[in-house]
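> I'll drop the sequence and a predicted model, then ask my questions.
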Amino acid sequence: MEGKEVCSNCILPADFPGADFEGGKCKLCRDYVKGQGPYGQEDMKERCESYFEEARATGADPNVIIGISGGKDSAWLANHLIEKYGMSPALASIDTGFLSPLAHSNIPFTVDALEKRHGRKIEHIFIRDPGLQETYRKVYCYLFKNPGEEGYVHTICYICAPLMEDITMDIATRRGIPLVAMGYSPHQPDVEKLLFEMPEEEINSSHVPPWMTKKNEFGPEDMEWFWDPKKYEKGTKFPRVFAPLHALPYDQEKVKRGCVEKGLIPTMEDTDPRDTNCLLNRLMIYFDVMGKRGIGFNPYIEQFAWEVREGTASKKYWLDVFSEMDFALKMGKFKDKEMVKVSKKIGIDIKKLKEGV
Ligand SMILES: [Zn+2]
């Protein structure tokens, strides 16, 4: 973004696909009507609240399972569901083998903080199965070599995160927990992937990626981690899977402040998309911007441009973050030792992949 024209309202650069600048403003900003977005609609909020009520009425304990990533959104969500809706959650985290050290320290910190704050034991299920980690490694290796047209972040995250959902759904199903709540913020994942709730057709079908069944490097030991309703006895009740933050009022700045004030996470350093709870993130951004098969722009800019447009994230802050990243990428300063180490662990060659081999 160094020296590039940027939208006068959000943070999209002029060369972003579909930005179509007019009078210094991008098309998305020109077409934007406040409160008309796909998330946080009144009926969605009502539906969400009715699910909490239904789950409480079942008498199940825990009555919701919440995915905890070590980030602010899931921490805030867990606290909010206890405080505002009187829910009794179990928390679940999945170690892909590529969780950042920050995630490893934030996850237990959050669980501990929630227990202290609410004065009770909260069950935390931490899946760190070596077999699952090997499956994740193989999946990453395959996808880094075979990214879709939508780029690295969108190809890889949209297999990785849903697999976490699948594993959480399995736990909920086996234990009769009626709800699976994911801590996704709005626009995460894209609207087309998940508006608010996983549709019934999706719950009633297998989630094994079709390409996986055709590749020799993957076997039943990999596929068994993915959701498959046929695994369960006929008549088994499946949980609802949804993203409450898509339905409830969401303000990034408020969530950040809330987490710090309530002591739910130790620092706010994780809000930079370079250094999240996943060690693959830098590599994916690098290939998306610099790689021959990348998308040619920062894969996170659209999401943060949307939050700036909504007025829930600071324009100056995100403009600085993205400009700095852009500068580091162009100057060859983005790639670091950790990235090289991570690529070796996955089994990919940074240089070859950059050239698109
Ligand atoms: Zn704009």
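That came through, no problem.
> identify the residues contacting Tyr85.
By Cβ atoms under 8 Å, 6 or more residues apart in numbering, the residues touching Tyr85 are 49, 52, 56. From N, CA and C alone the C-beta is placed, and that goes for glycine too.
> C-terminal to the helix or strand that contains the second one, what's the next element?
In other words, Phe52. Taking DSSP states H and E as the definition, one finds Phe52 inside helix 42-57. Per DSSP H and E, the first helix or strand lying C-terminal to helix 42-57 is strand 64-67.
> can you give me the strands in the protein?
Applying DSSP state E to the chain gives strands spanning 64-67, 89-94, 124-127, 179-181, 240-242.
> what would those look like in TSV with distance to Glu307, mean pLDDT and mean neighbour count?
As requested, these are exported to TSV (distance: least, Cβ to Cβ, whole Å; pLDDT from 0 to 100; neighbours: other Cβ atoms under 10 Å):
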stretch	distance to Glu307	mean pLDDT	mean neighbour count
strand 64-67	21	98	25
strand 89-94	25	98	23
strand 124-127	29	98	16
strand 179-181	21	98	26
strand 240-242	21	97	21
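> among those strands, which is nearest Cys10?
Nearest to Cys10, of all these, is strand 240-242, at 27.9 Å by Cβ to Cβ.
> chain center to that closest one: distance?
The chain centre lies 15 Å from the centre of strand 240-242; the measure is Cα atoms, centre = their mean, to the nearest Å.
> neighbours of Lys138, how many?
18 (other Cβ atoms under 10 Å).
> how close does it get to Glu221?
Using Cβ to Cβ, to the nearest Å, we find Lys138 at a distance of 10 Å from Glu221.
> hey, C-alpha coordinates of stretch 289-297 in CSV?
This file holds the C-alpha atoms of stretch 289-297, laid out as CSV (Å, rounded to 0.1, in the frame of the first residue of the first chain):
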residue,chain,number,x,y,z
VAL,A,289,1.0,-11.6,-2.0
MET,A,290,4.3,-12.8,-3.5
GLY,A,291,3.7,-16.3,-4.9
LYS,A,292,3.1,-17.0,-8.6
ARG,A,293,-0.2,-18.8,-7.6
GLY,A,294,-1.2,-16.2,-5.0
ILE,A,295,-4.0,-13.7,-5.3
GLY,A,296,-1.6,-10.7,-5.5
PHE,A,297,-2.9,-8.8,-2.5
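> can you give me the buried ones in it?
Buried positions in stretch 289-297, judged by neighbour count with 16 or more other Cβ atoms under 10 Å: 289-291, 293-295, 297.
> farthest-separated two in those?
Arg293 and Phe297 (13.8 Å).
> so which bits of the chain are right by the ion?
Within the chain, the positions near the ion by Cβ under 5 Å from the ion are 7, 9-10, 12, 26, 29.
> highest neighbour count among the residues you listed?
Busiest of the residues of the chain next to the ion [other Cβ under 10 Å] is Leu12, holding 29 neighbours.
> isn't it up against Lys27?
No - using Cβ atoms under 8 Å, Leu12 is not in contact with Lys27, being 9.1 Å away.
> low pLDDT regions in the stretch 51-200 of the chain?
Low-confidence segments of the stretch 51-200 of the chain (pLDDT under 70): none present.
> for it, which residue gets nearest to the ion?
Nearest to the ion in the stretch 51-200 of the chain, going by Cβ to the ion, is His187, at a distance of 14.5 Å.
> for Asn146, the count of nearby residues, please.
Asn146 - counted by other Cβ under 10 Å - has 11 other residues nearby.
> swap in Thr213?
The number of residues near Thr213, taken as other Cβ under 10 Å, comes to 10.
> quick one on the thing from earlier: of the buried residues of stretch 289-297, which belong to helices?
Among the buried residues of stretch 289-297, the members falling in helices (DSSP state H) are 289-290.
> which residue is the nearest non-sequential neighbour of Phe238?
Ile203 (5.2 Å; Cβ to Cβ, 6 or more residues apart in numbering).
> is it true that that neighbour touches Pro229?
Yes - assessed by Cβ under 8 Å, Ile203 is found in contact with Pro229 at 6.8 Å.
> okay, and the common contacts of those two?
Phe238.
> list the buried residues for stretch 194-214?
194-198, 203, 207-209, 212.
> quick one: that stretch to chain centroid distance?
With Cα atoms, centre = their mean, you get 17 Å for stretch 194-214.
> now for the residue lying closest to Ser69 once chain neighbours are set aside: which residues touch it?
Using Cβ to Cβ, 6+ apart and skipping the chain neighbours, the partner closest in space to Ser69 is Asn277 (5.1 Å). With contact taken as Cβ under 8 Å, 6+ apart, Asn277 is in contact with 69-71, 99-100, 102-103, 106, 270.
> what score does Leu280 have for pLDDT?
Listed pLDDT for Leu280 reads 95.
> low pLDDT regions in the stretch 251-357 of the chain?
Using pLDDT under 70, the stretch 251-357 of the chain drops low at 268-275.
> quick one, helices of it?
For the stretch 251-357 of the chain, helices defined by DSSP state H, counting those that start in this stretch occupy the ranges 252-261, 281-290, 301-310, 315-330, 337-346, 350-354.
> appreciated, that's everything.
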